[in-house]
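**Q** 3D model of this:
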Amino acid sequence: MIKYKTVTLNDAHFLFELLKEREKYVNISHVKMPTFKTHCQFILSNPYQEWNIILADNKEVGSIYIDNRKHAGLFLKKEYQRKGYGREVMQFMIKKYGKVKVNINPDNLAAHKFLEALGFTVIQNTYELT
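**A** Now for the predicted structure:
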């Protein structure tokens, strides 16, 4: 059974490790890894409408957030991916908030398949001059 716990500064180490675990092709908002201090400042800034640690069997397995524009972000520790947790968490967020949006890196094919299986469709492509 999945439970949710509101993120606090006490979760900084878990969230930082979770951030370090991300493959470069998954990131869309981080060009480089922040320092731990910067990461803590980000947590303290309360950047999201809701930000939770995902707990399964009382173990921290990931995090989920939603901002004030109903953009959701989900990340699970590698060892908990492809076990049904992501689907359950996203279905919970959809039930709670209705129509949500998720921004993903175009190279993250697993996320594309995951979201399409949940009924999401692509609405935008973003370009950057490099």
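**Q** name the helix or strand for Leu19, please.
**A** helix 12-21 (DSSP states H and E).
**Q** mind listing residues that contact that helix?
**A** For helix 12-21, the surrounding residues in contact (C-beta atoms under 8 Å, 6 or more residues apart in numbering) are 7, 30, 33-34, 36, 39-40, 43, 53, 60, 62-63, 75, 77-78. Every C-beta, even on glycine, is put in place using the N, C-alpha and C of the backbone.
**Q** do the same with stretch 43-50
**A** Under C-beta under 8 Å, 6+ apart, the answer for stretch 43-50 is 6-9, 11-12, 15, 65-68.
**Q** end to end, how far does that stretch reach?
**A** Stretch 43-50 has an end-to-end distance of 12 Å (C-alpha to C-alpha, to the nearest Å).
**Q** off-centre distance for that stretch?
**A** 13 Å (C-alpha atoms, centre = their mean, to the nearest Å).
**Q** what sits against the residue nearest the centre of the chain?
**A** Of all residues in the chain, the one closest to the mean position by C-alpha atoms, centre = their mean is Leu74, 2.2 Å from it. Contacts here follow C-beta under 8 Å, 6+ apart; on that basis Leu74 touches 62-64, 86, 89-90, 102.
**Q** how does it look with 7 Å?
**A** 62, 64, 86, 89-90 (C-beta atoms under 7 Å, 6 or more residues apart in numbering).
**Q** now swap in Ile123 and tell me
**A** By C-beta under 7 Å, 6+ apart, Ile123 has no neighbours at all.
**Q** isn't there a helix covering it?
**A** No: counting by DSSP: H, G, I helix; E, B strand; the rest coil, one finds Ile123 to be coil, located in no helix.
**Q** wait, a strand at Phe75?
**A** Yes: judged by three-state DSSP, Phe75 forms part of a strand.
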